[in-house]
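[1] coords please:
(one chain, ligands or ions: 1)
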Amino acid sequence: MTYMVDVEGLSREFSVWARTGRFRRSAKVVEAVADVSFTVARGEAVGYVGPNGSGKSTTIKMLTGILAPSSGRVSVCGLEPSQHRKQLARRIGIVFGQRSQLWWDLPLRESLEILRAIYRIPQARFRARLDECVELLDLDSFLERPVRQLSLGQRMRGEVTAALLHDPDLLVLDEPTIGLDLESKAKLRGFLAELVARRATTLLLTTHDLQDIELLCPRLIVIDHGRILADGALDTLRDEVSPERILRVDLKQPGALLPTFHGVTTVQADEHRTRQRLSFDPRRTTAAELIAQVAQVAPVIDVSVTEPAIEDVIRGLYARSGAVPAARHISRSSETTAGEEE
Ligand SMILES: Nc1ncnc2c1ncn2[C@@H]1O[C@H](COP(=O)(O)OP(=O)(O)OP(=O)(O)O)[C@@H](O)[C@H]1O
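    Alright, predicted model coming up:
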């Protein structure tokens, strides 16, 4: 099988100057990415998550050819990125939430025209792509406006359009929803979800907003200290870390506390015992089975099942590995001085 992304033993080190006393600094090596291996198949949508300084951007930079690896092997669309950066640029689309690929003083439409010329996109294909983005991302009202006058949400919609004009095989999004308000986030996510579903675009997404992942990426790669902590389907990781689910049942009449059916660990009830919560292990029983069992002992008017939120799953993965991400926000400016440039 040929993969869109194929990474093996990928590592990247940086030499940095660290303060060791009031006037003393000494060189040390930071392992930004350490022995990372994964593959992404065509049409997959993968979320790459980790706390600040865990190595996400460094990985993305190696995948897109901005940085060369210190060691390991990386292949994107069958190309070695740092050696074939220009060729690769025709095959992938990149959106960096914190950086723009548009021309600040030009109207958005002109920026897109320039990109058409750079990528030598045939007029008909360009028109079709642009029309589609204009419609689905509502670009109409600001297409003629200079990029510097656009709101962040409008600019991001422009960035995504720019990344898609040349029909890339792989779309790499680095924090695409950072700083966006709820409405803009929803709009962008809706568009990307459609893209994945309809066109089977391969997507690699880094984000701090776990809702992006939940809505767009069935698979999750979790990274910490430059190493992969977990890689798998969100649902599988959820089962591994915190298998318990909660079935809430609303009964027609107050009654006795429900029995601990097979697979149920605890039963809790409100004071009238009309609303009861059954914690259960989905590997031992199913919500449907439980509902049927409850209905046999008491008339039910409503039910709902709650799963652990993605935040809890990720917290569980870190806890399992002994990492404590929240306490580790690495500030480049105060702790280290970059000794190497991108
Ligand atoms: N050019 C550089 N020179 C020196 N150190 C660097 C450089 N780029 C990254 N690092 C270090 O490598 C580590 C990983 O950084 P990276 O930017 O990849 O993390 P990240 O997961 O993208 O973080 P964030 O979520 O804050 O963007 C950090 O310790 C960072 O300080």
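[2] contacts, neighbours, all on C-alpha from now
    Will do.
[3] by mean pLDDT, point me to the weakest helix or strand of this structure.
    helix 332-335 (a mean of 30; mean pLDDT, DSSP states H and E).
[4] residue of the stretch 151-300 of the chain nearest the ligand, please.
    residue 226 (6.8 Å; Cα to the nearest ligand atom).
[5] residues in contact with that residue?
    Applying Cα atoms under 8 Å, 6 or more residues apart in numbering to residue 226 gives the contacts 31, 32, 33, 34, 35, 36, 54, 55, 56.
[6] sheet-wise, list the partners of the strand or helix carrying the third one with their directions.
    According to DSSP states H and E, residue 33 maps onto strand 25-40. Based on DSSP bridges, the strands next to strand 25-40 in the sheet, each with its direction, are strand 5-19 (antiparallel).
[7] list the buried ones in the partner strand?
    5, 6, 7, 10, 11, 12, 13, 14, 15, 16, 17, 18 (16 or more other Cα atoms under 10 Å).
[8] so which of the residues you listed comes closest to residue 164?
    residue 5 (18.1 Å; Cα to Cα).
[9] doesn't residue 77 make contact with that closest one?
    Yes. Here residue 5 reaches residue 77: they are 6.4 Å apart, a contact under Cα atoms under 8 Å.
[10] can you give me the distance of residue 79 to residue 71?
    Counting by Cα to Cα, to the nearest Å, the gap from residue 79 to residue 71 is 16 Å.
[11] more crowded one of these two?
    Neighbour tally, residue 79 and residue 71, criterion other Cα atoms under 10 Å: the higher count belongs to residue 79, 19 against 15.
[12] beta partners of that one?
    In beta-bridge terms (that is, DSSP bridges), residue 79 pairs with residue 76.
[13] need the strands for this protein, in chain order.
    5-19, 25-40, 45-49, 71-76, 92-96, 170-174, 202-206, 219-224, 227-233, 245-251, 264-269, 275-280, 300-306, 336-338 (DSSP state E).
[14] dump these into a markdown table; add mean pLDDT as well.
    Output for the strands of the chain, formatted as a markdown table (pLDDT from 0 to 100):
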| stretch | mean pLDDT |
| --- | --- |
| strand 5-19 | 92 |
| strand 25-40 | 92 |
| strand 45-49 | 93 |
| strand 71-76 | 96 |
| strand 92-96 | 91 |
| strand 170-174 | 93 |
| strand 202-206 | 93 |
| strand 219-224 | 93 |
| strand 227-233 | 93 |
| strand 245-251 | 94 |
| strand 264-269 | 93 |
| strand 275-280 | 94 |
| strand 300-306 | 93 |
| strand 336-338 | 34 |
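[15] now the ones you listed in TSV, with distance to residue 143?
    TSV is the format used below for the strands of the chain (distance: least, Cα to Cα, whole Å):
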stretch	distance to residue 143
strand 5-19	33
strand 25-40	34
strand 45-49	29
strand 71-76	32
strand 92-96	18
strand 170-174	22
strand 202-206	26
strand 219-224	34
strand 227-233	38
strand 245-251	47
strand 264-269	56
strand 275-280	52
strand 300-306	43
strand 336-338	39
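[16] for residue 138, find the nearest of those strands.
    That would be strand 92-96 among these, by Cα to Cα, at 18.3 Å.
[17] about what we covered before: a markdown table please, covering the buried residues of strand 5-19 and showing distance to residue 189.
    Compiled in a markdown table, the buried residues of strand 5-19 are given as follows (distance: Cα to Cα, whole Å):
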| residue | distance to residue 189 |
| --- | --- |
| 5 | 23 |
| 6 | 26 |
| 7 | 27 |
| 10 | 30 |
| 11 | 31 |
| 12 | 31 |
| 13 | 33 |
| 14 | 34 |
| 15 | 37 |
| 16 | 37 |
| 17 | 40 |
| 18 | 40 |
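[18] which ones, among these, also lie beside the ligand?
    14, 16 (Cα under 6 Å from any ligand atom).
[19] which of the buried residues of strand 5-19 lies closest to residue 274?
    Looking across the buried residues of strand 5-19 and measuring by Cα to Cα, the closest to residue 274 is residue 5, at 52.4 Å.
[20] where does the stretch 101-250 of the chain dip in pLDDT?
    Judged by pLDDT under 70, the stretch 101-250 of the chain has no weakly predicted residues.
[21] quick check: closest non-adjacent residue to the residue of the stretch 151-300 of the chain closest to the ligand.
    residue 33 (3.9 Å; Cα to Cα, 6 or more residues apart in numbering).
[22] against residue 81, how distant is that neighbour?
    Relative to residue 81, and taking Cα to Cα, residue 33 is found at 16 Å.
[23] quick one, which of these two is more surrounded?
    residue 33 (29 against 24).
[24] alright, that wraps it up for me.
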